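J.: Starting from these lines, generate the structure:
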Amino acid sequence: MRIRAILSAVGAVLAAAALAVAPLSASHAADTWGQTGVSLPGYYQMAVDAVHDHVFISEGGDGTFHNIGYSGANDILVTDFSGNTVATITGQTGVMGIALSPDGSTLYAALSTIHEVTAISTATLQQTAVYPLDYGITPYMVAVQSGKLWVSYYTGSADDAGAIGDFDLSAPTVPAPALETQAAMGGWGAAPIIAADPADTGNVLVAIDPYTDTPEAATYDTAADPVTVRAARSALTLPDGSAGCQYAQDLVVIPGGAQFAPACDNDVNAVGRYSTANLSHQGSYASGLNSDSVAFASKTGLVAVGDKTAGNNIDVYVPGGIAKLGGRSTPGSGYVVARGLGLTPDGSKLFAVTNDNGVSTLYTMDEPAINPSALSLTAPASALPGQFALLSGKLGADNDTAVANAAITITRTGPGGTETLTATTNASGFFGRDDVPTISGTYTYTARYAGSPSIAPAVATAHLTVKKVPPLSISVTPKTATYPAVMHVSIHLGTTDSDRTVSVYAKPAGASKLTLLKTGTVNSAGNLTLSYAAAHTTTFSVRFTGDFSYAPRTVTAGASVAAAVSTKISGYYAGERIAAVTYHLYHHTAQLSAAVAVAPNKHGECVKLEVQEFSKGQWRASHVTGCAKLGTKSTAGARLALSGDALGAHYRLRADYLHGTDLTNLSAESAWQYFIVEK
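T.: Numbering: from 1, shown residues only. Alright, predicted model coming up:
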């Protein structure tokens, strides 16, 4: 798809030369705009002449309805479909509405300032006739139907009312023919917007009020003389009774004359279709809130509607229906102006006039019925020989609208030759396919979508490097230690291509991220060692980032750190050493006090005291206290009451730390404290 801008209102006249525009990417056949500059004092209406491949541009006013009689615009610009200026038709003082005859041989132009309509040959681009109006009658828009030239005009009366009259095109032009007023077509509050059947088969003319919040429309039978009313003037409504149009900006009659479509700058998110027989609502073309332009391809029925929203503001609809083909984005921050769209009869070219900060620009798009497409393809950055590599992507059209059940061909080139893979998009436009390359090297994958009658072809590429597994290991000693612990970490990196650098990380239990311990180069034997003071159970990892031949790799090893638990007892009166063990001596009337400390700080965790008695040649469980919560300083205390029943017995006591929610250190016990109860 190719789009080219062919005129813009920028202060000075620029050379009319098309600029080549590079595609956005190989995988995105997007709307592509080019531009040549042609200075315009204003824009009012366009007419597309497919017989001579010309676009006629009326330079009247500033594109609004409020500049009737604007005298500063006196020319009609003519360009070809490639953006070159063909001619400037001068002498068209105050030119406003323009219209082509059904056979394309004549262009008619309403000259608001000098109160006449001119006829211009589309073959010679020369004025051939003048149709004068009385002084004070200001022509506004023109249309050709049933052998007559229809003119909407301001009457010049005190209330500045509007009406519609006609000139008989079969009458001699010398002397100049007179305007025939039509009683059935008068009484408008202002000169109405008018449009006729472009096929000239419906004998119908449609009119609608401009720039009012409740515009009325009417249709007329142009085969009758005088004209008769088909559908009397009435406001257009939707099926629910709400307003179907406010502030009408543009109007087209659908080929054949059975329906018409106004573009209305209101809060209705659609351009409606209405019956010329009774003004009933027949359907809608969804658009933005500020619709101001609509165009029909007279031979194919392709539809384009535009609004004042900058960006994606032109919608194209399938010929003969209301199914949306897609949105077309205008360049920059420009928006489509009133009556700013045109189509060739076969729908092969779309023309759009935009306004960007006061600069009017005409753009053209080839094949607007074909949606731009966007195809993506991703592959892993690297893989190992024989490893599954997932190729995935998405096919979208019209700003990534999903394209379902589309065939995607993926060609793989690289070591071992070329291979073709296939995939099919799902309902969301996504596709996936596994590949298993077995030879080391770089592979290129090219995904292709062949296109369809309504969606452009697309191509996307991705790359995959298949690399060897680097021999990498890590070991930690000791595997388990008590706080405070010093861990010795040993790294070994085997043969690689060029990179001999590794990074070593530690992640203590409970930490949210890795801590880099060291980045260094292994020695000639492939080894690197370091020590780490570990307060908590820690996972160590070593990362090799890879090189040309070897893939990135990370390996891990863990080491556990148990909490340090200490117990001190008091309340004894003496000590006695028995077989290398020191026993604390207590009177049977005394109390044994135990103070427990745990490191690192385990505030809120549990400790218990465990008491054993030496009996029948071995230590046997005697008593276990309940759980005591460690305080803010990670300490706890307990007391044991002694009695005469324990006289002469040998006991030992220790504290058990039992972790709860704190898993950063292993549970642990203190050393045994020995005691004997005496009188």
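
J.: and the closest residue to residue 296 other than its chain neighbours, what helix or strand is that in?
T.: Spatial nearest neighbour of residue 296, chain neighbours left out: residue 252 (5.1 Å); criterion: Cβ to Cβ, 6 or more residues apart in numbering. Placement of C-beta: from N, CA and C, glycine included. Using DSSP states H and E, the element containing residue 252 is strand 248-253.

J.: how much space is there between residue 314 and residue 43?
T.: 16 Å (Cβ to Cβ, to the nearest Å).

J.: swap in residue 180?
T.: 31 Å.

J.: Who has more neighbours out of those two?
T.: The neighbour comparison of residue 180 against residue 43 (other Cβ atoms under 10 Å) goes to residue 43, with 27 against 15.

J.: got a list of what the residue nearest to residue 296 touches?
T.: 195, 198, 260-261, 294-296 (Cβ atoms under 8 Å, 6 or more residues apart in numbering).

J.: Do you know the pLDDT at it?
T.: Note for residue 252: predicted pLDDT of 96.

J.: Tell me how far the strand holding residue 252 lies from the chain's centre.
T.: Offset of strand 248-253 from its chain centre (Cα atoms, centre = their mean, to the nearest Å): 32 Å.

J.: Would you mark the buried spots in that strand?
T.: 248-253 (16 or more other Cβ atoms under 10 Å).

J.: can I get those in JSON lines with distance to residue 526?
T.: Shown next, in JSON lines, are the buried residues of strand 248-253 (distance: Cβ to Cβ, whole Å):
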{"residue": "248", "distance to residue 526": "81"}
{"residue": "249", "distance to residue 526": "77"}
{"residue": "250", "distance to residue 526": "77"}
{"residue": "251", "distance to residue 526": "82"}
{"residue": "252", "distance to residue 526": "78"}
{"residue": "253", "distance to residue 526": "83"}
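
J.: just those now: which is nearest residue 577?
T.: Proximity of these to residue 577 was ranked by Cβ to Cβ; the top entry is residue 249 with 109.1 Å.

J.: Could you list everything the residue nearest to residue 296 pairs with in the sheet?
T.: Beta-bridge pairing for residue 252 (DSSP bridges): residue 261.

J.: can you offset everything so residue one is 889?
T.: Noted, 889 is the first residue going forward, which turns the last one into residue 1140.

J.: for residue 1072, phi and psi?
T.: Backbone torsions for residue 1072, taken as degrees, to the nearest 10, come to phi -70, psi -10.

J.: since we're on it, how many residues are nearby?
T.: 15.

J.: Could you list the domains of this structure?
T.: Domain assignment for the chain, taken from automatic domain parsing, gives 1261-1354, 1360-1448, 1452-1566.

J.: Export these as a markdown table, with columns for mean pLDDT.
T.: Compiled in a markdown table, these are given as follows (pLDDT from 0 to 100):
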| stretch | mean pLDDT |
| --- | --- |
| domain 1261-1354 | 92 |
| domain 1360-1448 | 96 |
| domain 1452-1566 | 95 |
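
J.: residues touching residue 1402, list them.
T.: 1393-1395, 1429.

J.: are any of the residues you listed buried, and which?
T.: For the contacts of residue 1402, buried by 16+ other Cβ under 10 Å: 1393-1395, 1429.

J.: Can I get the residues you listed in JSON lines including distance to residue 1515 and secondary structure?
T.: Formatted as JSON lines, those follow (distance: Cβ to Cβ, whole Å; DSSP: H, G, I helix; E, B strand; the rest coil):
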{"residue": "1393", "distance to residue 1515": "36", "secondary structure": "strand"}
{"residue": "1394", "distance to residue 1515": "32", "secondary structure": "strand"}
{"residue": "1395", "distance to residue 1515": "30", "secondary structure": "strand"}
{"residue": "1429", "distance to residue 1515": "36", "secondary structure": "strand"}
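
J.: would JSON lines of those residues with distance to residue 1261 be doable?
T.: Listed next are the buried ones among the contacts of residue 1402 as JSON lines, based on distance: Cβ to Cβ, whole Å:
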{"residue": "1393", "distance to residue 1261": "44"}
{"residue": "1394", "distance to residue 1261": "49"}
{"residue": "1395", "distance to residue 1261": "45"}
{"residue": "1429", "distance to residue 1261": "44"}
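
J.: any idea how far residue 1075 is from residue 1393?
T.: From residue 1393 to residue 1075 the distance is 86 Å (Cβ to Cβ).

J.: Oops, could you answer that again for residue 1251 instead?
T.: 39 Å.

J.: Compare the two and say which is more crowded by neighbours.
T.: Per other Cβ under 10 Å, whichever of residue 1251 and residue 1075 has more neighbours is residue 1251, with 27 against 11.

J.: Pull up the gap between that one and residue 1151, please.
T.: In terms of Cβ to Cβ, residue 1251 sits 18 Å off from residue 1151.

J.: again with residue 1187
T.: 21 Å.

J.: Of the two, give the one with the bigger neighbour count.
T.: More crowded of residue 1187 and residue 1151, by other Cβ under 10 Å: residue 1151, with 31 against 17.

J.: Disregarding residues adjacent in the polypeptide, which is nearest to that one?
T.: Using Cβ to Cβ, 6+ apart, the closest residue to residue 1151 is residue 1138 (4.0 Å).

J.: Could you do residue 1152 as well?
T.: Residue nearest to residue 1152 in three dimensions, not counting chain neighbours: residue 1133, with 3.9 Å by Cβ to Cβ, 6+ apart.

J.: is it true that that neighbour touches residue 1103?
T.: Yes - using Cβ atoms under 8 Å, residue 1133 makes contact with residue 1103 at a distance of 5.7 Å.

J.: who has more neighbours, these two?
T.: residue 1133 (29 against 25).

J.: so what's that one up against?
T.: Contacts of residue 1133 (Cβ under 8 Å, 6+ apart): 1096, 1103, 1105, 1123-1124, 1150, 1152, 1154, 1156, 1160.

J.: can you pull out the strands in the stretch 1039-1188 of the chain?
T.: Counting by DSSP state E, counting those that start in this stretch, residue ranges of the strands within the stretch 1039-1188 of the chain are 1050-1056, 1068-1069, 1081-1084, 1092-1096, 1104-1109, 1116-1123, 1136-1141, 1147-1152, 1158-1163, 1169-1174, 1179-1184.

J.: Nearest to residue 1515 among these would be which one?
T.: When these are compared (using Cβ to Cβ), the closest one is strand 1169-1174, at 69.2 Å.

J.: so what strands line up beside the closest one?
T.: strand 1158-1163 (antiparallel).

J.: What are the buried residues along the partner strand?
T.: In strand 1158-1163, counting by 16+ other Cβ under 10 Å, buried: 1158-1162.

J.: Turn the residues you listed into CSV, including pLDDT and distance to residue 1092.
T.: Converted to CSV, these look like this (pLDDT from 0 to 100; distance: Cβ to Cβ, whole Å):
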residue, pLDDT, distance to residue 1092
1158, 82, 23
1159, 88, 19
1160, 90, 17
1161, 93, 14
1162, 95, 12
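
J.: Out of these, which is nearest to residue 1258?
T.: Nearest member of those to residue 1258, counting by Cβ to Cβ, is residue 1159, at 21.5 Å.

J.: From what I see, the closest one and residue 1148 are in contact.
T.: No - taking Cβ under 8 Å as the definition, residue 1159 is not a contact partner of residue 1148, at 10.7 Å.
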